[in-house]
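Colleague: coordinates only, sequence not included:
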Ligand SMILES: [Zn+2]
């Protein structure tokens, strides 16, 4: 049941963003959708299949199990239903922010995470472009965090929907007027903010790591307000992969096992 809720929410938000991108795009895309979308959506379908066959519901089940056994911070020191949901969502969001930084700094994890960054454009389909091993490692890490926190099971479902929806939103190629973007950024990560993280400029790639709320980047001083190049023309991706055409599905799956390109 919880996997149906998660999948329906993800598909609904994805469809809204695709329509919004079509009606009000932020950038003219130089790489055709027909080159990128089959790869990105193929990876998404592959990952959904792999997770369903392995441990797709593990996050929720680990929260239920932790509650049954009294494991974790919030199960030892209960704070009330609503507060425990808010604390869980905030702590998990910060945990994912930390994981994202480590994915960039630790070469072993970067091998997997670079698959996400080799996209030559930036739109809602970029949000689902992840190597299946990265998805699996993320799940193991998430389960550890959930048990340590003693996360509320409902909060875990809410968090997964929020994280997924936020990632789809902040990767999308939608045009938000600058004045509204500026206000939204005090709470959320907007596409203009996260696009900087997908810049080919290394100092910009090493910034704006957050997924849902923007405060972690501001508090931890990883926030960059604007890219060096204009948002509408800045190069997206990783420099070593810009010289060639979009990588195919199989090459992306094998990419982590090849020599790292500088
Ligand atoms: Zn990244």
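Modeller: Looks like it arrived, so ask away. None of these values were measured; they are calculated from a predicted model.
Colleague: quick one, longest helix in the chain?
Modeller: For the chain, the longest helix by residue count, based on DSSP state H, is helix 81-105.
Colleague: ok, and what's touching it?
Modeller: The contact list for helix 81-105, computed with CB atoms under 8 Å, 6 or more residues apart in numbering, reads 74, 78-79, 109-110, 112-113, 134, 138, 141-142, 145-146, 149, 151-152, 154-156, 158-159, 162-163, 205-206, 209-213, 216-217, 220, 222. (Each C-beta comes from the backbone N, C-alpha and C, glycine too.)
Colleague: pLDDT averaged over it - what is it?
Modeller: Per-residue pLDDT values across helix 81-105 average out to 94.
Colleague: kindly report the same for stretch 213-226.
Modeller: The average pLDDT within stretch 213-226 is 96.
Colleague: tell me the buried residues in that stretch?
Modeller: Residues of stretch 213-226 classed as buried by neighbour count (16 or more other CB atoms under 10 Å): 213-217, 222-224.
Colleague: mind checking how far the lowest-mean-pLDDT helix or strand in the chain is from the chain centre?
Modeller: Of all helical and strand segments in the chain, the minimum by mean pLDDT, DSSP states H and E falls on helix 239-242, at a mean of 82. How far helix 239-242 lies from its chain's middle: 21 Å, per CA atoms, centre = their mean, to the nearest Å.
Colleague: now for whichever helix or strand comes after it, which elements pack on it?
Modeller: Downstream of helix 239-242, the next assigned helix or strand under DSSP states H and E is helix 249-254. The contact analysis (3 or more CB pairs under 8 Å, 6 or more residues apart in numbering; DSSP states H and E) places helix 249-254 against helix 33-53.
Colleague: tell me which helix or strand comes right after the helix it packs on.
Modeller: Assignment by DSSP H and E places the next element after helix 33-53 at helix 58-69.
Colleague: tell me how far that next one is from the chain's mean position?
Modeller: In this view, helix 58-69 has its centroid 23 Å away from the chain centroid, taken as CA atoms, centre = their mean.
Colleague: report all helices and strands that that helix contacts.
Modeller: helix 73-76, helix 132-149, helix 153-171.
Colleague: need the pLDDT of residue 56.
Modeller: 64.
Colleague: restricted to helices, list the buried residues of stretch 213-226.
Modeller: 215-217.
Colleague: in contact with residue 44: list those residues for me.
Modeller: 125, 128-129.
Colleague: can you lay out those residues as JSON lines showing neighbour count and pLDDT?
Modeller: Shown next, in JSON lines, are those (neighbours: other CB atoms under 10 Å; pLDDT from 0 to 100):
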{"residue": "125", "neighbour count": "26", "pLDDT": "96"}
{"residue": "128", "neighbour count": "22", "pLDDT": "94"}
{"residue": "129", "neighbour count": "21", "pLDDT": "95"}
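Colleague: for the residue most central in space within the chain, give me its contacts.
Modeller: Centroid-nearest residue in the chain: residue 167, 4.7 Å away (criterion: CA atoms, centre = their mean). Residues in contact with residue 167 (CB under 8 Å, 6+ apart) are 127, 211.
Colleague: that one and residue 62: what is the separation?
Modeller: 21 Å (CB to CB, to the nearest Å).
Colleague: repeat for residue 196
Modeller: According to CB to CB, residue 196 and residue 62 sit 34 Å apart.
Colleague: then residue 165?
Modeller: Relative to residue 62, and taking CB to CB, residue 165 is found at 22 Å.
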